[in-house]
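Q: following is a predicted model, sequence given first.
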Amino acid sequence: MNQINQKSESAKYWEEHLESWEASAYFKEGQQKANWWDRLSTVFRGDAMYVRMQTALELLKPHIKDKTVLDVGCASGRFAFQMIEAGATKVFGTDISNEAVNLAKQRAKELNLQNQLEFSITDVVQANTPLQQVDIVTALGVIEYFDAKDMAAFLGNLRTKYILLDFPDLGRKKEFPTWMLRQVYIRVNKLPGVYLYSLDEFAKIAELFGFTNLRVINKNQFYYVTNLPE
């Protein structure tokens, strides 16, 4: 799973840019590795990424105890570690960034959690790339970079019944001035597209791969799509 021959455009971008973005998104831990644009985005983003992660964890807590989880776009493993603390039996984390995955592995080793946390490098939108079979798949800030073709490949690679994904809902276009500022950021940094979906549009793709009974949860100004039991 660590051998990637031809990377998607989004994978190429994040492989180079993830370290800077993560340093700015989780600014309370220092921004030394963030570039100028990512530091500027922190002024407008504030602690939103912490809120997004904590909100997702709240939604997962009733379902996660003694379960296995795959966290897609795990970066250096923040969310994966929190899910272990919340009661998950094992969390697999995957990302495109070699540096981020190595950092996650190092942290797991330092905390003696190698048996509960496993990290790997995967381009999840490459077709026919089966991922670990788990109870739940999570992804924060990931699927908004997938067009319909990449979304289908991603969902087709999943081996799970349940998902909880940070959702690129069409309603985000109403978030002024955040949305307009993000468009500037996308163009300046040559980010390969941000795709917004309605629930119907997403469900039309997801149902082809067995994901039904989907709903969108809007909590703390973040949207999540899931089929976890209510």
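A: That came through, no problem. Numbering: from 1, shown residues only.
Q: where's residue 166 relative to residue 106, distance?
A: Computed as CB to CB, to the nearest Å, the residue 166 to residue 106 distance reads 26 Å. All C-beta atoms are positioned from the backbone trio N, CA, C, and that covers glycine.
Q: can you check residue 132 too?
A: Distance of residue 132 to residue 106, computed by CB to CB: 21 Å.
Q: again, but for residue 213
A: From residue 213 across to residue 106, the span is 39 Å (CB to CB).
Q: need phi/psi at the closest residue to residue 132 other than its chain neighbours.
A: Excluding the flanking residues, the one nearest residue 132 by CB to CB, 6 or more residues apart in numbering is residue 92, at 4.6 Å. Taking degrees, to the nearest 10, you get phi -100, psi 130 for the backbone angles of residue 92.
Q: so residue 92 bridges to which residues?
A: With DSSP bridges as the criterion, residue 92 is bridged to residue 70, residue 118.
Q: which residues in the chain form strands?
A: All strands of the chain, identified by DSSP state E, fall at 68-72, 90-95, 117-121, 136-139, 162-166, 215-219, 222-226.
Q: ok, the closest residue to residue 129 other than its chain neighbours - contacts?
A: Closest residue to residue 129 apart from its sequence neighbours, by CB to CB, 6+ apart: residue 157 at 5.0 Å. Neighbouring residues of residue 157 by CB atoms under 8 Å, 6 or more residues apart in numbering: 124, 126, 127, 128, 129, 130, 131.
Q: all set, thanks.
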